[in-house]
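Engineer: sequence first, predicted coordinates after that:
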Amino acid sequence: MADVLLKVKAFPFLSFKKVIIVCGGAGGIGSSIVQRFLNDGASVALVDVNGEYSKQLIESNWSDYAKEGKICFYLGDISSRSKCFSVIDKVS
C-alpha cells in the first residue's frame, strides 16, 4: 500500500516553477516532505540549523537530485520574523 501511495503525485495542482522551501528539512518529517516534493518534480531548498547533518543527508539520499540542481542546502534559523526573511533572501 505504501508503494502505491508514493507513486501518486501528492500535489497535482502545483506546477513547481518555483523553489519549495522546507524548513527543518533534515529532520524526520522534514526529510519526508523534501523527498515527496523531489519525487513530484519540485526544486527544493532544504533549510536547517544542523549544517553538517543536512549536507550528509543530501549526499547520501539525494545526490542525484543535487547534481541536477534540484536540491540545495541553506543554513538557516526561522525562529523570528527577521531570521525567516533572511532565509528567504538567501534562497532567492
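Structural biologist: Yes, it's here.

Engineer: quick check, Gly69 in a helix?
Structural biologist: No. Going by DSSP: H, G, I helix; E, B strand; the rest coil, the assignment for Gly69 is coil, not a helix.

Engineer: tell me the pLDDT at the nearest residue to it once chain neighbours are set aside?
Structural biologist: Distances taken as Cβ to Cβ, 6 or more residues apart in numbering place Ser43 nearest to Gly69, at 7.3 Å, with adjacent residues excluded. For the C-beta atoms, the positions are set from N, CA and C on the backbone; glycine is no exception. Per-residue confidence (pLDDT) for Ser43: 93.

Engineer: and for Ser43, the neighbour number?
Structural biologist: 17 (other Cβ atoms under 10 Å).

Engineer: which residues does it bridge with?
Structural biologist: Val19 (DSSP bridges).

Engineer: so Val87 sits right up against Gly25, yeah?
Structural biologist: No. Val87 is beyond contact range of Gly25, at 11.6 Å (criterion: Cβ atoms under 8 Å).

Engineer: so what sits against both of those two?
Structural biologist: Residues touching both Val87 and Gly25 (Cβ atoms under 8 Å, 6 or more residues apart in numbering) are Val47.

Engineer: these two - which one has more neighbours?
Structural biologist: Remark: of Val87 and Gly25, Gly25 carries more neighbours, 27 against 18, as counted by other Cβ under 10 Å.

Engineer: quick check: closest non-adjacent residue to the more buried one.
Structural biologist: Among residues not flanking Gly25 along the chain, Leu46 sits closest, at 3.6 Å (Cβ to Cβ, 6+ apart).

Engineer: and the gap between the one you found and Asp64?
Structural biologist: For Leu46, the distance to Asp64 equals 15 Å [Cβ to Cβ, to the nearest Å].

Engineer: what of Ile20?
Structural biologist: Ile20 is 18 Å from Asp64, by Cβ to Cβ.

Engineer: okay, these two: which has more neighbours?
Structural biologist: Ile20 (21 against 10).

Engineer: what's near enough to touch the more buried one?
Structural biologist: Phe37, Ala42, Ser43, Val44, Ala45.

Engineer: alright, I will stop here.
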